[in-house]
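1. With the sequence up front, the predicted model follows.
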Amino acid sequence: MRSSRQRPPAAAAEALPDRGRVTALTPQRDPGRVNLFVDDTFLFGLDAEVAAELGLTVGAEVDRALLERARALDVEKQVRDRALRYLAARPHARAELRRKLARGNFPPEAIERALAWLEERGWVDDAAFARQYIQAHRTGRGARGQRRLARELRQKGVDPAVVAAALAEAFAGDDGFEEALALARSRLQRLAGVDRRTAWRRLAGFLGRRGFEPEVIAAALRQLLGDWDAE
């Protein structure tokens with residue numbers, strides 16, 4: 001005997017009954033999700049945890065308000081899960097995470113609630129993100145100066161005041177001279193055969209693009225090129 005449960009076209013799935021009874025919860029390919037049937041009619045898929053939280057079990061009586069809440073909570077759960085996947089890959093600023101989530105065509109209000117949920121748990125924290133970003137990018141071959149770090153953090157949507165505070169903390173008593181000198185020294189290997197003025201100009205441009213302050217660049221190059229003879 002064929003089941004009377006039938007899935008309507010996608011457009012019809014938007015229509016919710018005023019009242020009804022849950023007649024089935026069938027598993028989807030994703031083990032964490034189920035298909036909700038009310039009065040033997042498929043309504044929508046939702047997260048199994050959301051279904052359990054709202055008491056959506058076979059035989060439960062439902063109304064439109066409960067079904068709308070289930071659908072809204074399911075969307076929020078999807079947004080949170082997507083955000084957690086992004087955060088598992090690397091830290092994100094709040095605005096950066098919002099932009100990525102918006103590409104999934106989630107409702108803006110669901111995105112904002114998910115971001116608030118993440119912030120409450122400390123998983124989204126722009127001040128901590130700024131400190132981590134600066135620590136990861138101020139040294140080594142990819143070292144940046146304060147200007148470039150500030151620009152990159154602002155581009156990620158971090159508030160300028162938060163950026164300024166993080167930079168002040170990271171560079172307290174340290175203007176980035178050692179990092180600039182190390183970068184210039186490694187770059188100098190490519191400039192064999194050029195005169196001192198050309199070497200200075202090219203290295204200054206390189207360090208400037210990396211975001212170091214002019215006085216830091218000048219100090220680093222004076223030390224590096226003071227006795228340098230290209231010949």
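-> Received the coordinates, thanks.

2. pLDDT weak spots in this structure?
-> Flagging of the chain using pLDDT under 70 yields the residue ranges 1-14, 227-231.

3. pull the longest strand from it.
-> Longest strand of the chain, by residue count under DSSP state E: strand 19-27.

4. Provide the contact partners of that strand at residue level.
-> 5, 33-40, 48, 51, 56-64 (Cβ atoms under 8 Å, 6 or more residues apart in numbering). Every residue, glycine included, has its C-beta placed from N, CA and C.

5. List buried residues within these.
-> Buried members of the contacts of strand 19-27, counted by 16 or more other Cβ atoms under 10 Å: Arg33, Val34, Asn35, Leu36, Phe37, Val38, Ala48, Ala51, Leu56, Ala60, Val62.

6. Out of those, which is nearest to Ala95?
-> Nearest to Ala95 out of the buried ones among the contacts of strand 19-27 is Arg33 (Cβ to Cβ; 29.5 Å).

7. The closest one reaches Val50, doesn't it?
-> No - applying Cβ atoms under 8 Å, one finds Arg33 not in contact with Val50, separated by 9.4 Å.

8. Please list the members of the contacts of strand 19-27 that lie in helices.
-> Taking DSSP state H, the ones among these that sit in helices are Ala48, Ala51, Arg64.

9. wait, which of those is closest to Asp81?
-> When these are compared for distance to Asp81 (Cβ to Cβ), Ala48 wins out at 12.6 Å.

10. contacting residues around Lys156?
-> Counting by Cβ under 8 Å, 6+ apart, Lys156 has contacts His92, Ala93, Ala95, Glu96, Tyr133.

11. Note down every partner strand of the longest strand of the chain and its orientation.
-> Sheet partners assigned to strand 19-27 using DSSP bridges are listed as strand 33-38 (antiparallel), strand 61-63 (antiparallel).

12. can you put those strands in JSON lines and add distance to Glu213?
-> Converted to JSON lines, these look like this (distance: least, Cβ to Cβ, whole Å):
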{"stretch": "strand 33-38", "distance to Glu213": "53"}
{"stretch": "strand 61-63", "distance to Glu213": "64"}
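
13. Out of those strands, the one nearest Arg148 is which?
-> Among the strands paired with strand 19-27, the nearest to Arg148 by Cβ to Cβ is strand 33-38 (43.7 Å).

14. Could you break the protein into its assigned domains?
-> By the assignment in automatic domain parsing, the chain contains the domains 17-75, 76-120, 126-170, 177-225.

15. first to last residue in the first one, what's the distance?
-> Start-to-end span of domain 17-75 (Cα to Cα, to the nearest Å) is 19 Å.

16. go on, stretch 48-60?
-> One end of stretch 48-60 to the other measures 15 Å (Cα to Cα).

17. residues in contact with it?
-> Contacts of stretch 48-60 (Cβ under 8 Å, 6+ apart): 21-25, 32-34, 36, 46, 62, 66, 69-70, 73-74, 77.

18. cutoff 10 Å now
-> 20-25, 27-28, 30-34, 36-38, 45-47, 61-62, 66-67, 69-78 (Cβ atoms under 10 Å, 6 or more residues apart in numbering).

19. Let me see the contact set for Glu112.
-> With contact set as Cβ under 10 Å, 6+ apart, Glu112 has these partners: Val79, Arg98, Leu101.
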